[in-house]
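**Q** predicted model follows, preceded by the sequence.
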Amino acid sequence: MQEVGAAYVPPGNFNPPMLAGAGAELFDIVIRMDGLGSFADEIKNCVEIPLGRQKLKVLSLERILASKIAANRTKDRLTIPVLRDALAAMQTMKRRVKK
């Protein structure tokens, strides 16, 4: 995060954890996952992606979509069609690669 000018701001009295700085928009802190299993269950099925010298565990697109559907916030409802389209495109690509 330091390399992109972002910093972690720990939670305070009434504030959740946050990210600050110019590069903060590249990251998101998830403190609650609607519609999903426990953290311990979900992390078992995460996808690992490389980020510099590190590997990050991230939810699969299917699980992100499930959480957005369950949360049902306005911003999630706007994102759901895009996530569905991305998931369909990924599934089509996987089928083509298998042939």
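**A** Good, I have the coordinates.
**Q** show me the helices in the protein, by range?
**A** With DSSP state H as the criterion, the chain has helices at 39-43, 61-71, 74-98.
**Q** could you measure from residue 50 over to residue 9?
**A** 26 Å (Cβ to Cβ, to the nearest Å). Yep, even glycine has a C-beta here, placed from its N, CA and C like the rest.
**Q** which one's more surrounded, the two?
**A** When residue 50 and residue 9 are compared for neighbours, residue 9 comes out ahead with 15 against 8, by other Cβ atoms under 10 Å.
**Q** which one, of the helices of the chain, ends up nearest to residue 33?
**A** helix 61-71 (5.2 Å; Cβ to Cβ).
**Q** okay, buried residues for the closest one please.
**A** For helix 61-71, burial by neighbour count (16 or more other Cβ atoms under 10 Å) applies to 63, 64, 65, 66, 67, 68, 71.
**Q** and the second one, what does it touch?
**A** Right, the one you point to is residue 64. If you count contacts by Cβ atoms under 8 Å, 6 or more residues apart in numbering, residue 64 has them with residue 83.
**Q** any idea how far residue 14 is from it?
**A** Taken as Cβ to Cβ, the span from residue 64 to residue 14 is 28 Å.
**Q** next one, pLDDT for residue 92 please.
**A** For residue 92, the pLDDT comes out at 92.
**Q** kindly report the same for residue 19.
**A** Confidence score, pLDDT, at residue 19: 88.
**Q** that one bridge partners, please.
**A** For residue 19, the beta-bridge partners under DSSP bridges are residue 8.
**Q** against residue 27, how distant is it?
**A** On the measure of Cβ to Cβ, residue 19 and residue 27 end up 5 Å apart.
**Q** looking at those two, which is more packed in?
**A** Each of residue 19 and residue 27 has its neighbours counted (other Cβ under 10 Å); residue 19 has more, 16 against 12.
**Q** hmm, that one is touching residue 10, no?
**A** No - between residue 19 and residue 10 there is no contact under Cβ atoms under 8 Å: 10.9 Å.
**Q** before we move on, back to that, determine which stretch of the helices of the chain is the most buried.
**A** The highest mean neighbour count among the helices of the chain, using mean count of other Cβ atoms under 10 Å, belongs to helix 61-71: a mean of 17.
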